[in-house]
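Peer 1: this is the structure alone, sequence omitted:
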């Protein structure tokens, strides 16, 4: 498999069961209406699990929007909560409805029994990793009815460094 780079992070999918709403014409057609998407999605067919992953706050010299932010700034935390909420909600809506033809973006094999796991990997400043728990708690509260409606198995906000060091998602480097 060819590696893919997203926000400066290398992703090595083990097979071709991945997609990016951001690269899809149907998504691009609606994105001008403030529609958001999670960065990468991969269907693990052996476990019937769809992983949707957002990569936030990565240093990317080609995109000045992506750099570490100080989580002690309450405005930054609220911005991230709002942003991750929209990305999660809009991604789930695009996965579950085809009224805007977004199913053309999705890989084959997702069924009503497919487990959805949503992960927000945040590249935080050293020493601020524990502050992500608050963001995760707030997101879960805000999304509680949506997670129930779409039968989402898990929603997690974790530091990128932890995910990388523990190989939580081994296909993300």
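Peer 2: Structure received. All figures in this text were calculated on a predicted structure; none of them were measured in a lab. Numbers count the residues shown, from 1 in each chain.
Peer 1: would you tell me what the next helix or strand after the longest helix anywhere in the chain is?
Peer 2: What stands out as the longest helix in the chain, according to DSSP state H, is helix 74-96. Using DSSP states H and E, the helix or strand that follows helix 74-96 in sequence is strand 115-122.
Peer 1: ok so residue 43 is a strand residue?
Peer 2: Yes. Counting by DSSP: H, G, I helix; E, B strand; the rest coil, residue 43 is part of a strand.
Peer 1: to what extent is the closest residue to residue 122 other than its chain neighbours buried, counted in neighbours?
Peer 2: Nearest residue to residue 122 in three dimensions, chain neighbours excluded: residue 56, at 4.8 Å (Cβ to Cβ, 6 or more residues apart in numbering). Using the backbone N, CA and C atoms, a C-beta is placed for each residue, glycine as well. Neighbours of residue 56 under the rule other Cβ atoms under 10 Å: 21.
Peer 1: mind pulling up the pLDDT for residue 56?
Peer 2: Here the pLDDT value assigned to residue 56 is 83.
Peer 1: which residues touch residue 133?
Peer 2: For residue 133, the contact set (Cβ atoms under 8 Å, 6 or more residues apart in numbering) comprises residue 157.
Peer 1: does it belong to a helix or a strand, and which?
Peer 2: Residue 133 is part of helix 132-149 when elements are defined by DSSP H and E.
Peer 1: show me what secondary structure element comes after that helix.
Peer 2: Following helix 132-149 in sequence, per DSSP H and E, is strand 152-159.
Peer 1: hmm, back to that, my guess is the residue nearest to residue 122 meets residue 81, correct?
Peer 2: No. Using Cβ atoms under 8 Å, residue 56 is not in contact with residue 81, being 11.4 Å away.
Peer 1: what do those two both touch?
Peer 2: Here residue 56 and residue 81 have no joint contacts, going by Cβ under 8 Å, 6+ apart.
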